[in-house]
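>>> Next input, structure requested:
(one chain, ligands or ions: 2)
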Amino acid sequence: MNKPNIIWLNVSVFLITFLFAAVAVPYRAITHGFDSAEIIMAVLCFIYCGMSITAGYHRLWSHKTYQAHWSLRLIYALGGAFALQNSILHWSSDHRVHHKHVDNNDIDPYSAKRGFWYSHIGWMLREYQAHRYTNYDNVRDLQKDPIVCWQHKYYLVLTIGMNFGIPLLFGWLHGDIISSLLLVGVLRLVLSHHTTFFINSLAHIWGKQTYTEKNTARDNGFLALLTFGEGYHNFHHIFENDYRNGIRWWQFDPTKWLIKSCYYLGLTSKLRVSPEDKIEKARLTMVFKKRQQQLVSHPNAEQLLARLQHEYDVLIVKLNDYYEIKKTLFANKRAKLMADVERSELMGQYKELKQRLIEQQRSWQFFIEKHA
Ligand SMILES: [Zn+2]
Ligand SMILES: [Zn+2]
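Residues are numbered from 1 along each chain as shown. Ligands and ions are numbered 1, 2, ... in the order given. Reported below is the predicted structural model:
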């Protein structure tokens, strides 16, 4: 089979920037050194690029998990051009196809089933997607956003302006243009590229399948550190409309913190979260399935599997009861009936069902740990 043509522009950009980052930057560090202001500026620009992609390109535009004020969208649009990852329109179009046809080697633009290299960077080096370059049917909604259209139209000018303008301006103000071009320009760009690319490659290979095993996406706390929270990719692929990727308070997800902080400042609104009961059920079902597979080879398999099934069924029933009454309670709360609710039957029922769920969770945990 003939391979599609090589995209020389992409190959050159990736190769030249990588060589500069791997050779010229260490050489400059040894022979000349970088000062703290240059390092801080490079780190800040790295964060700006990364978060423009995660909070802007990904969670705002591709998945519409919240709404953002035009000033924030403009900041993201410039940061995305700085990150050199194509326009918002193109990136989001690719990403929506990735979610819809995940792991389908013929349609998913960066299918992880085609291997690490392909999903990381290989998919951008040849004309694999030539037929899609002008088709933006799946992002018609984004074409109504003037900032998206403006960035798409002037993408080349913006990306050159940001990638040369910021390092040149900083270098000129600080008094060392070459160091700034190398650190703030090239090293920042290469690190920003590859950490983002890890989400398509490593986050589909390395980590836990906490919520679903229907696709290759993985949850990986270490990758979350490098990707501003996007490492919780297994959760993201099943609950893609949620503005969070790391849903626990202790999970490192600075993109989620940024979106929530901007909400308090009035810059973001309509933050979408997935129903708690659905998340919990998906998680429990995965624990159930994994234990089932482990117990099959146990000498007492039949009895233990029956017990596991029973514990799981009871837990799901109690979970449903609990969340049902919780929803009713919150609906009443919203209707400002809380003063009565406090003394009401409903509150009593809620407390009782919560207690029953806790007891069943203990019983389930005891069984799971005993037969681990
Ligand atoms: Zn996504
Ligand atoms: Zn993915």
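>>> where does the protein have low pLDDT?
Along the chain, segments meeting pLDDT under 70 span 1, 131-134, 336-343.
>>> Let me know the secondary structure of the spatially most central residue of it.
Closest residue to the average C-alpha location of the chain: Glu230 at 3.2 Å, with C-alpha atoms, centre = their mean. Following DSSP: H, G, I helix; E, B strand; the rest coil, the label given to Glu230 is coil.
>>> excluding its backbone neighbours, what's nearest it?
Of all residues not flanking Glu230 in the chain, Ile199 sits nearest, at 4.9 Å (C-beta to C-beta, 6 or more residues apart in numbering). Any C-beta I mention is one placed from the backbone N, CA and C, and that applies to glycine too.
>>> ok, that neighbour - contacts?
Ile199 sits next to Leu223, Thr227, Glu230, Gly231, His233 when contact means C-beta atoms under 8 Å, 6 or more residues apart in numbering.
>>> would you say it is within a helix?
Yes: applying three-state DSSP, one finds Ile199 inside a helix.
>>> Can you name every helix or strand that the one helix or strand Tyr48 maps to contacts?
Assessed by DSSP states H and E, Tyr48 sits inside helix 36-51. If you count contacts as 3 or more C-beta pairs under 8 Å, 6 or more residues apart in numbering; DSSP states H and E, helix 36-51 packs onto helix 70-82, helix 155-174, helix 177-180, helix 188-200, helix 254-264.
>>> If you count neighbours, what's buried in that helix?
Neighbour counts over helix 36-51 (16 or more other C-beta atoms under 10 Å) mark Glu38, Met41, Ala42, Cys45, Phe46, Ile47, Tyr48, Cys49, Gly50, Met51 as buried.
>>> show me the contacts for the residue nearest to the centre of the chain.
Contacts of Glu230 by C-beta under 8 Å, 6+ apart are Thr54, His58, Ile199, Ala203, Leu223, Ala224, His236, Asn245, Thr255.
>>> What about those residues, which are in helices?
Counted as lying in helices by DSSP state H, out of the contacts of Glu230, are Ile199, Leu223, Ala224, His236, Thr255.
>>> Output these as JSON lines; include the columns distance to Met124.
Output for those, formatted as JSON lines (distance: C-beta to C-beta, whole Å):
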{"residue": "Ile199", "distance to Met124": "14"}
{"residue": "Leu223", "distance to Met124": "20"}
{"residue": "Ala224", "distance to Met124": "24"}
{"residue": "His236", "distance to Met124": "21"}
{"residue": "Thr255", "distance to Met124": "23"}
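>>> Name the member of those residues with the shortest distance to Lys278.
His236 (14.4 Å; C-beta to C-beta).
>>> Thought Asn245 was touching that closest one, still the case?
Yes: the pair His236 / Asn245 is scored as a contact, 4.9 Å apart, by C-beta atoms under 8 Å.
>>> what's the neighbour count on Pro275?
12 (other C-beta atoms under 10 Å).
>>> if I pick it, what's in contact with it?
Taking C-beta under 8 Å, 6+ apart, one finds Tyr323 in contact with Pro275.
>>> now do Phe20
Here Phe20 is in contact with Leu182, Val186, Val190 (C-beta under 8 Å, 6+ apart).
>>> State the number of residues packed around Leu353.
Neighbour tally, Leu353, other C-beta under 10 Å: 19.
>>> And for the one 5 residues further on?
A total of 12 residues lie near Ile358 under the criterion other C-beta under 10 Å.
>>> roughly how far out does the longest helix belonging to the chain sit from the chain middle?
If you go by DSSP H, the chain has its longest helix at helix 301-334. Relative to its parent chain, helix 301-334 has a centroid offset of 29 Å by C-alpha atoms, centre = their mean, to the nearest Å.
>>> Who are the packing partners of that helix?
helix 276-295, helix 338-343, helix 345-370.
>>> so what's Lys260 closest to, chain neighbours aside?
Of all residues not flanking Lys260 in the chain, Leu271 sits nearest, at 7.0 Å (C-beta to C-beta, 6+ apart).
>>> For Thr159, which residues are in contact?
Contacts of Thr159 by C-beta under 8 Å, 6+ apart are Ala81, Phe82, Leu84.
>>> Where do the domain boundaries of the protein fall?
8-269, 276-370 (automatic domain parsing).
>>> Please identify the deepest-packed of the ones you listed.
domain 8-269 (a mean of 18; mean count of other C-beta atoms under 10 Å).
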